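Q: sharing a model that was predicted from the sequence below.
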Amino acid sequence: MTTPYTFAHNAFAGALRSTYAHLSDGEESGVAVNVAGRLMLMRTQGKLAFATMRDSSGEIQLFALAATTQRFEEFAKLHLGDWVGVSGEVVRTKRGELSVKVASWQLLAEALHNFGDKWAGISDFDLRYRHREADLWANASTRTSLTRRSEMLRSVRERCWAANFMEVETPMLNAIPTGAAARPFRTFHNALNSEFFLRIAPELWLKRLVVGGYERVFELGRVFRNEGVDTRHNPEFTILELYAAYWNYEDMMAFTEELVAGVALDVLGTTEISYLDRDFSFAAPWPRRTMAELASQAVDEDVSVHTPLAHLAQLLGERGVEVHVSWGAGRCLAELFEVTCEETLWNPIFVTDFPVEISPLARRHQKDPELTERFESYAAGRELSNGFSELNDPVDQRNRFEEQARLAAAGDDEAMLIDEDYIKALEWGLPPTAGLGVGIDRLAMLIAGEANIREVIAFPTLKPLRD
RNA sequence: GCGCCGGUAGCUCAAUUGGCAGAGCAUUUGACUCUUAAUCAACAGGUUCCGGGUUCAAGUCCCGGCCGGCGCACCA
């Protein structure tokens, strides 16, 4: 079947609804428009036909009459899901439905499959995720969630640009997977005869751009981590990372809370969030508490990175956590915080001053060299962002990498590897800089009110079908 | 990776203890000049996820596999 290559579209359903809200029942506007979209419903009644058509802005009724509609019999036999382009006058029917009274029309594309039950839609998860195009057609909640994600991305970019951050892109094919602790995906470049890894974070590249003189940079892009899949993890996900020269982690916390609150305001029109039947507010400022404070409160005694390792191990053991031989006091404190506090942090909060042991890229705390100027924000019981004053001492960075290498040798397959190029970059001089990483999918879940990360990803990673 | 649950018509779902595989919507045909999930009538629609097994008889019970949901583990 040959269908048109273009359509002279000049009106949207949503705009027509507001423009012609004044038409009374049975009134004709005298204005002809060209609308296009997909047929959602069709009600034929002898020599009349009423179709509900949807475009990107909403739905509008198409009103066809045998007496005045071109090829009326064919129109009445169109299928749900077909794309049509219609020319006709804007009218309101006697029963009060704003309509385009079809004069002429064209079939723009035929739907050879139906898109689910017209009332119940599609509910099968496998079908919804593997054929999101059908899910989008059938389910308003899918359209809403994915649209909110898109609006969120726009808001994030605009707010970063407004704060004089420059958007950059860094390599996804990396010879060394670094910048985070995670198992990578491996791939191979034939012409270079080299193994590569899909990036697990853009962090080190971005700081090299700061070394190069770009004082504020951000990247909004995909990273890949070869780990489990569940309601909060997709193997590929989107991260916002940004770096600002001359800032420290306190400046970055202030930027973070303003950014997140601003994004909520842009997308939802409010900073007040209702998530899974519980409320919280993104309105700044968010409280700041140190990891040691929160852990101490949870175990009802003072603990810190200076608490004897054996005692921290005992506290962990009482809570069912097995302590690995390579763990020092810092790792133990962090584990204790995670098991006792993380899920309880419902309202947005910054947890600060992470142990140096688990923060190989963060600058040591000015008040305690065993800690770093690092923070993570939490909301709804989960990590939302991670940031710190960046370690810019190449000697200390080499020591930190070497400690990571020891962990790797001891069997930690998520420890970082030594990145000589990065150390060399620091030797050229990284100014005092603060960095931030925000899990965009996690934030999208909160903004869209979704409990499953797959609902905010258009095409989530699924196991390929076999057999 | 482990555990629990699920997979029946294009879609949404039924099917008693193991006893003829069904309905609504969609599709097809017909009626109908103001419908709103239109209505009414009729026809058609099946590898019950796949492969074995038990049984006179399996959608149903058993074993293996595939895919998904939820939980756990992993995710500093």
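A: Nice, thanks for sending it over.

Q: need the contact list for the closest residue to RNA strand B within chain A.
A: Per Cβ to the nearest atom of the strand, A:G46 is where chain A lies closest to RNA strand B, at 1.8 Å. From N, CA and C alone the C-beta is placed, and that goes for glycine too. By Cβ atoms under 8 Å, 6 or more residues apart in numbering, the contact set of A:G46 is A:A66.

Q: with A:P171 instead?
A: The neighbours of A:P171, taking Cβ under 8 Å, 6+ apart as the test, are A:199, A:205.

Q: pretty sure it is in a strand, no?
A: No. Counting by DSSP: H, G, I helix; E, B strand; the rest coil, A:P171 is not found in a strand; it is coil.

Q: just to check, A:F459 is in contact with A:E133?
A: No. Between A:F459 and A:E133 there is no contact under Cβ atoms under 8 Å: 9.8 Å.

Q: give me the number of residues near the closest residue in space to A:D117 that isn't next to it in sequence?
A: Computed as Cβ to Cβ, 6 or more residues apart in numbering, the closest residue to A:D117 that is not its neighbour in sequence is A:A138, at 7.9 Å. Using other Cβ atoms under 10 Å, A:A138 has 23 neighbouring residues.

Q: would you agree A:A138 is in contact with A:G116?
A: Yes. Judged on Cβ under 8 Å, A:A138 makes contact with A:G116 at a distance of 4.1 Å.

Q: let me know the secondary structure of the closest residue to A:H79 other than its chain neighbours.
A: With sequence-adjacent residues excluded and distances taken as Cβ to Cβ, 6+ apart, A:H79 is closest to A:A111, at 5.8 Å. Using three-state DSSP, the structure places A:A111 in coil.

Q: next SSE after the longest helix seen in chain A?
A: Ordering each helix of chain A by length in residues (DSSP state H) puts helix A:140-162 first. Note on helix A:140-162: by DSSP states H and E, the next helix or strand toward the C-terminus is strand A:166-167.

Q: looking only at pLDDT, what's the mean for that next one?
A: Strand A:166-167 shows a mean pLDDT of 98.

Q: equivalent analysis for stretch A:359-373, please.
A: 96.

Q: does RNA strand B have contacts with it?
A: Yes. Against RNA strand B, stretch A:359-373 shows contacts by Cβ under 7 Å from any atom of the strand at A:359-361.

Q: common neighbours of A:A138 and A:G116, please.
A: Joint contacts of A:A138 and A:G116 (Cβ under 8 Å, 6+ apart) are A:I122.

Q: quick check: residues of the stretch 101-250 of chain A near RNA strand B?
A: Counting by Cβ under 7 Å from any atom of the strand, the residues of the stretch 101-250 of chain A close to RNA strand B are A:113-114, A:116-127, A:129, A:180-182, A:225, A:227-233.

Q: with the stretch 251-400 of chain A instead?
A: With the criterion set to Cβ under 7 Å from any atom of the strand, the stretch 251-400 of chain A comes near RNA strand B through A:331, A:334-335, A:338, A:358-361, A:386.

Q: so what touches the one helix or strand A:R400 maps to?
A: Following DSSP H and E, one finds A:R400 within helix A:394-409. For helix A:394-409, the external contacting residues (Cβ under 8 Å, 6+ apart) are A:326, A:356-357, A:360-361, A:364, A:391, A:415-419, A:422-424, A:426-427.

Q: dump that helix to PDB, keeping only the CA atoms.
A: The C-alpha coordinates for helix A:394-409 follow below in PDB (Å, rounded to 0.1, in the frame of the first residue of the first chain):
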ATOM      1  CA  PRO A 394      49.300  13.200  42.500                       C
ATOM      2  CA  VAL A 395      51.500  11.500  45.100                       C
ATOM      3  CA  ASP A 396      48.600  10.800  47.400                       C
ATOM      4  CA  GLN A 397      46.500   9.600  44.400                       C
ATOM      5  CA  ARG A 398      49.200   7.100  43.500                       C
ATOM      6  CA  ASN A 399      49.200   5.800  47.100                       C
ATOM      7  CA  ARG A 400      45.400   5.500  47.000                       C
ATOM      8  CA  PHE A 401      45.500   3.600  43.700                       C
ATOM      9  CA  GLU A 402      48.200   1.300  45.000                       C
ATOM     10  CA  GLU A 403      46.000   0.500  48.000                       C
ATOM     11  CA  GLN A 404      43.200  -0.300  45.600                       C
ATOM     12  CA  ALA A 405      45.600  -2.500  43.700                       C
ATOM     13  CA  ARG A 406      46.300  -4.400  46.900                       C
ATOM     14  CA  LEU A 407      42.600  -4.900  47.400                       C
ATOM     15  CA  ALA A 408      42.300  -6.200  43.900                       C
ATOM     16  CA  ALA A 409      45.100  -8.600  44.500                       C
END
